[in-house]
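Colleague: coords please:
(one chain, ligands or ions: 1)
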Amino acid sequence: MGKNRGNKKAKYVFRKKESLANLLQRIKLWPSRSGMLHGIKNLESKGNYLELELYCGERLQVKNSKNSRAARWLRNKIMVKACPKCAVPEWKLEKYSKTAFK
Ligand SMILES: [Zn+2]
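Modeller: Residues are numbered from 1 along each chain as shown. Below you'll find the model as predicted:
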């Protein structure tokens, strides 16, 4: 009741201190260095590291840090376009665009 009722734009809210693992687990999107937004097919947490499998077949290992480039890019929404190979569904991008970081 009464949570964020008047705020239609920020439908999903994350804390800025959220760990990268939690962020990725919820958003299911990965911003690559080239500015491409990939869909995350699988995410495994291995201590300080995360193993990601993307829908386009790419696998990568990243540090689970809320201050990592990826975390910053997700928060600041730095991206050029969605990966065509991942075929990220529109609703996912829509959800992400409505996500706010406080
Ligand atoms: Zn991709």
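Colleague: So what sits opposite K46 in the bridge?
Modeller: Y49 (DSSP bridges).
Colleague: Can you get me a residue count around it?
Modeller: Other residues within reach of K46, judged by other CB atoms under 10 Å, total 9. Yep, even glycine has a C-beta here, placed from its N, CA and C like the rest.
Colleague: Kindly report the same for L50.
Modeller: Around L50 there are 24 other residues, counting by other CB under 10 Å.
Colleague: can I assume it is in contact with R59?
Modeller: No: applying CB atoms under 8 Å as the test, L50 and R59 come out as separate, 11.3 Å apart.
Colleague: Which residue ranges of this structure form helices?
Modeller: For the chain, applying DSSP state H gives helices covering 20-27, 69-76, 90-97.
Colleague: among the ones you listed, which is nearest Y55?
Modeller: Of all the helices of the chain, helix 90-97 sits nearest to Y55, with 10.7 Å by CB to CB.
Colleague: tell me what that closest one is packed against?
Modeller: If you count contacts as 3 or more CB pairs under 8 Å, 6 or more residues apart in numbering; DSSP states H and E, helix 90-97 packs onto strand 29-31, strand 36-46.
Colleague: right, so of these, which gets closest to the ion?
Modeller: Across those, the ion has its closest neighbour in strand 36-46 (3.5 Å, CB to the ion).
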